[in-house]
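Visitor: Fold the stuff below for me.
(chains A and B)
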Amino acid sequence: MQTKIRTKKAQKAQLKTGETIIVLIIFFILLAGGMIFYAKIQKYTTSQKKQETAAVDAISIEQRIRHMTEIPCSIDGTIIFDCYDLEKIKGLQKTIPDYMLYYNSVIFKNSKVTITSVYPVAEEILLFDAETREISTGTQPYRTPVTLYDPLTNMYSFGYITIEVFTS
Amino acid sequence: MAIAKNKNGQIDVQFHWIFIILIGAIILSFFVGLSVWYKNTQEQKNTANIVVALDSVLDTAKESPKTARTTTIPDITLSFTCSSDECNDYGCASAFSGGGISHGTETEILFSLKELSGNDLITWALEWKLPYTISNFLYVTTDNVRYIFVYDEEHKELAYAVTSLLAENDYLTKETIKIEEPSDFAIIDKNDNFVRIVAFLDSDSLSETTVETALGENSANNKKWDIIYVDGSEESGTIYFSEESVSVSYAGLPLLLGAIFSADRDFYMCNVKKAALQGKVVSAVYLERTKALYDAVSAVPEKSYCSYYYGQDVQEAITTIMENVDILLSNSIAFSSAVQELMDNNNYAVIKNCPRVY
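Guide: Okay, the predicted model is just below:
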């Protein structure tokens, strides 16, 4: 009888250790599950952030274009903001290939920039095209209105700048 | 046999507790490690946010010429670097950093000391024109840096020009002292982080001993003061960095102010090179524009008289500026005539109702 009781006690003690181990295993399974879930959420958040970053990039490029000294209208060297000289834009078009590294790395980066005159003269000028569409997908174009000045006719027109940032 | 079994039971209970303690320690260290990692990541993120915000502040400041701004900064030391030996086709190796996070400024013309700390970051910008606007120079300092302008009767014109321009910036900690003789110069310690003495005097005429006695000795790790000597006019002149015993030239007040705000000769020359690169690019655009205007007005009989203002002389003047802007400090005379040519033709074009040259 006594032997039976002692055997039973010994069996009970082994069971308790087993319980602890099982609890720990379940705990680590839950922890791993939580980390996998967190990783998946991060992946989704990262792809969302990528799109947001592309939009922010477009705004940054627009800001850089706005603050360029090459193309804005000027009166005796004094810059007029939000106005672009058409002849300077055309001059910049011809100059960009000579300074491609600078404009590609610093100003326009991975984007396509088009300047469109709407009224009273309709004209479109492709200022820069990164030409990486084969390996990337374009984002929603970002447009901002501008005033365009033609020094030859001394006339102002309404237009907009379109910036498309390419992401891979 | 019963005793042996009892002994087994006792050992099993102890092992059980040891096992619990071990596992508990592992779990605890895991979570402690996770929280330490998260804390470090968040600190880096905050520092990165500070650097990004500062970049935005500097961009905004640069686009507002002749507007002094002050920005409250957190308690970190900002470092600025610019190496004139590492320049390529579009910029020079330069950056600013804070808390281990850095941001490149390869094409931004930014004059500053190498390290800045203080409560308020002071930014100021000036346009650089040749005569069309090439770029805006950005000058960065803090309220903990004191600028002392010392001049005598012989150099007062240039001193007046500089101090009048700087008077537009109320945030700068500055003093202007007129002396009869260099030996009259005296200075009081006001517990500044750094004191720059800008002497419109003959080189090495001020007594460094006087300054050292008042402000303390400079060491390799802790530079408390330095002196630069300026000689020339508003258009051109030389700046002598007494600590390095080297001279550099300037052409125009924006560049002179750049030297006043720069950490040393190398920092100044690095930004001059960046400005020169920008000058080439902008001049190339103006050259194309001038050629296009010349061709366009020449083709219209009623406007053909305007072609004179975009002709060979003007195009050559722009080409001179474009090709020589990187040596403008050593060739300011050729520059002056090219700049004057453009200014004259621009004025005549306006009078004759022709499109402006710039």
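Visitor: does B:N191 count as helix, strand or coil?
Guide: Under the three-state scheme (DSSP: H, G, I helix; E, B strand; the rest coil), B:N191 adopts coil.
Visitor: what's the neighbour count on it?
Guide: Neighbour count of B:N191, defined by other Cβ atoms under 10 Å in any protein chain shown: 7. Any C-beta I mention is one placed from the backbone N, CA and C, and that applies to glycine too.
Visitor: List the contacts of it.
Guide: By Cβ atoms under 8 Å, 6 or more residues apart in numbering or on different chains, no residues touch B:N191.
Visitor: next one: the one 5 residues further on
Guide: By Cβ under 8 Å, 6+ apart, the contact list for B:R196 reads B:V145, B:R146, B:Y147, B:I148, B:W225, B:D226, B:I227, B:I228, B:I260.
Visitor: Those into a markdown table, with extra columns for distance to chain A and neighbour count?
Guide: Below are those laid out as a markdown table (distance: Cβ to the nearest Cβ, whole Å; neighbours: other Cβ atoms under 10 Å in any protein chain shown):
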| residue | distance to chain A | neighbour count |
| --- | --- | --- |
| B:V145 | 27 | 21 |
| B:R146 | 32 | 21 |
| B:Y147 | 28 | 20 |
| B:I148 | 33 | 19 |
| B:W225 | 36 | 22 |
| B:D226 | 32 | 19 |
| B:I227 | 34 | 22 |
| B:I228 | 29 | 23 |
| B:I260 | 23 | 21 |
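Visitor: Could you list the low-pLDDT ranges of chain A?
Guide: A:1-16, A:132-139, A:168 (pLDDT under 70).
Visitor: Looking at it, which helix is longest?
Guide: helix A:2-66 (DSSP state H).
Visitor: what packs against that helix?
Guide: For helix A:2-66, the contact count by 3 or more Cβ pairs under 8 Å, 6 or more residues apart in numbering or on different chains; DSSP states H and E identifies strand A:111-119, strand A:142-150, strand A:155-167, helix B:2-62 as packing neighbours.
Visitor: what number of residues lie near the residue in the stretch 201-350 of chain B that chain A sits nearest to?
Guide: Among the residues of the stretch 201-350 of chain B, B:E288 lies closest to chain A, at 3.3 Å counting by Cβ to the nearest Cβ. Number of residues near B:E288 (other Cβ under 10 Å) recorded here: 19.
Visitor: Where does pLDDT dip in the stretch 201-350 of chain B?
Guide: B:330-334.
Visitor: try 80 this time
Guide: Within the stretch 201-350 of chain B, the set of residues satisfying pLDDT under 80 comprises B:220, B:326-335.
Visitor: Can you pull the residues of it lying near chain A?
Guide: Proximity of the stretch 201-350 of chain B to chain A, by Cβ under 8 Å from any Cβ of the partner chain, involves residues B:277-278, B:281-282, B:284-289, B:292-293, B:296-297, B:346, B:350.
Visitor: again, only using 7 Å
Guide: Residues of the stretch 201-350 of chain B lying near chain A by Cβ under 7 Å from any Cβ of the partner chain: B:V281, B:V282, B:A284, B:V285, B:E288, B:R289, B:A292, B:L293, B:A296, B:N346.
Visitor: hmm, which two among the residues you listed are most spread apart?
Guide: The span of those, defined through Cβ to Cβ, is set by B:V281 and B:A296 at 23.0 Å.
Visitor: The two - which one has more neighbours?
Guide: Neighbour count, other Cβ under 10 Å: between B:V281 and B:A296, B:V281 has more, with 26 against 18.
Visitor: Got phi/psi on the spatially closest residue to the more buried one that is not a sequence neighbour?
Guide: Nearest residue to B:V281, sequence neighbours excluded (Cβ to Cβ, 6 or more residues apart in numbering or on different chains): A:Y99, at 5.5 Å. The phi and psi values for A:Y99, taken as degrees, to the nearest 10, are phi -130, psi 40.
Visitor: cool, and B:E127?
Guide: Dihedral angles phi and psi of B:E127 (degrees, to the nearest 10) take the values phi -80, psi 140.
Visitor: how about stretch B:85-102 against chain A, any contact?
Guide: Yes - judged by Cβ under 7 Å from any Cβ, stretch B:85-102 comes into contact with chain A at B:D89, B:Y90.
Visitor: Okay, buried residues for that stretch please.
Guide: B:C87, B:Y90, B:G91, B:C92, B:A93, B:S94, B:A95, B:F96, B:S97, B:G98, B:G99, B:I101 (16 or more other Cβ atoms under 10 Å in any protein chain shown).
Visitor: in the strand or helix carrying B:R196, what's buried?
Guide: Per DSSP states H and E: B:R196 is located in strand B:194-200. Going by neighbour count (16+ other Cβ under 10 Å), the buried part of strand B:194-200 is B:F194, B:V195, B:R196, B:I197, B:V198, B:A199, B:F200.
Visitor: got a list of what A:I107 touches?
Guide: A:R64, A:M68 (Cβ atoms under 7 Å, 6 or more residues apart in numbering or on different chains).
Visitor: what about 8 Å?
Guide: By Cβ under 8 Å, 6+ apart, the neighbours of A:I107 are A:I61, A:R64, A:I65, A:M68, A:F128.
Visitor: Which secondary structure state does the residue of the stretch 201-350 of chain B closest to chain A sit in?
Guide: Secondary structure, three-state DSSP: B:E288 is helix.
Visitor: Surely it touches A:T95?
Guide: Yes - here B:E288 reaches A:T95: they are 5.9 Å apart, a contact under Cβ atoms under 8 Å.
Visitor: middle-most residue in chain A, spatially?
Guide: A:A54 (1.8 Å; Cα atoms, centre = their mean).
Visitor: From B:D59, how far off is that residue?
Guide: Noted for A:A54: a distance of 20 Å to B:D59, by Cβ to Cβ, to the nearest Å.
Visitor: Just give me the neighbour total for residue 55.
Guide: By default, I'm working from chain A. A:A55 has 13 neighbours, counted by other Cβ under 10 Å.
Visitor: let's do chain B instead
Guide: Around B:D55 there are 15 other residues, counting by other Cβ under 10 Å.
Visitor: one step back: secondary structure for the residues of the stretch 201-350 of chain B next to chain A - can I get that in TSV?
Guide: Below are these laid out as TSV (three-state DSSP):
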residue	secondary structure
B:V281	helix
B:V282	helix
B:A284	helix
B:V285	helix
B:E288	helix
B:R289	helix
B:A292	helix
B:L293	helix
B:A296	helix
B:N346	helix
